[in-house]
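Engineer: With the sequence up front, the predicted model follows.
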Amino acid sequence: MKLLFDQNLSFKLCRQLADIFPNSNQIRSLGMEEADDRLI
């Protein structure tokens, strides 16, 4: 399972959980911080 973290959470959280949830990302790193809800 991969997770999508809110932009308000630290990007360090993705790194700390990478071994448990690989390919998880933060909204900001994907450029989705202003995306329409339907896109997400």
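Structural biologist: Perfect, thanks for sending it.
Engineer: For Phe5, which non-adjacent residue is closest in space?
Structural biologist: Taking CB to CB, 6 or more residues apart in numbering as the measure, Phe5 lies nearest to Gln26, with 4.5 Å between them; neighbours along the chain are not counted. For the C-beta atoms, the positions are set from N, CA and C on the backbone; glycine is no exception.
Engineer: what number of residues lie near Gln26?
Structural biologist: Burial of Gln26, expressed as a neighbour count using other CB atoms under 10 Å, amounts to 20.
Engineer: And the residue nearest the centre of this protein?
Structural biologist: Within the chain, the residue whose C-alpha comes closest to the C-alpha centroid is Gln26; the distance, by CA atoms, centre = their mean, is 2.2 Å.
Engineer: Surely that one is in contact with Arg15?
Structural biologist: No - using CB atoms under 8 Å, Gln26 makes no contact with Arg15, being 10.1 Å away.
Engineer: Helices of the protein, start to end?
Structural biologist: According to DSSP state H, the chain carries its helices in the segments 11-16.
Engineer: For the protein, which segments are assigned as strands?
Structural biologist: For the chain, applying DSSP state E gives strands covering 4-5, 25-26.
Engineer: Mean pLDDT and distance to Asp19 for those strands - can I get that in TSV?
Structural biologist: Converted to TSV, these look like this (pLDDT from 0 to 100; distance: least, CB to CB, whole Å):
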stretch	mean pLDDT	distance to Asp19
strand 4-5	88	16
strand 25-26	87	15
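Engineer: residue contacts, the nearest residue to Leu9 once chain neighbours are set aside?
Structural biologist: Spatial nearest neighbour of Leu9, chain neighbours left out: Gln26 (6.9 Å); criterion: CB to CB, 6+ apart. Contact criterion CB atoms under 8 Å, 6 or more residues apart in numbering gives Leu4, Phe5, Asp6, Gln7, Leu9, Phe11, Leu13, Cys14 as the residues in contact with Gln26.
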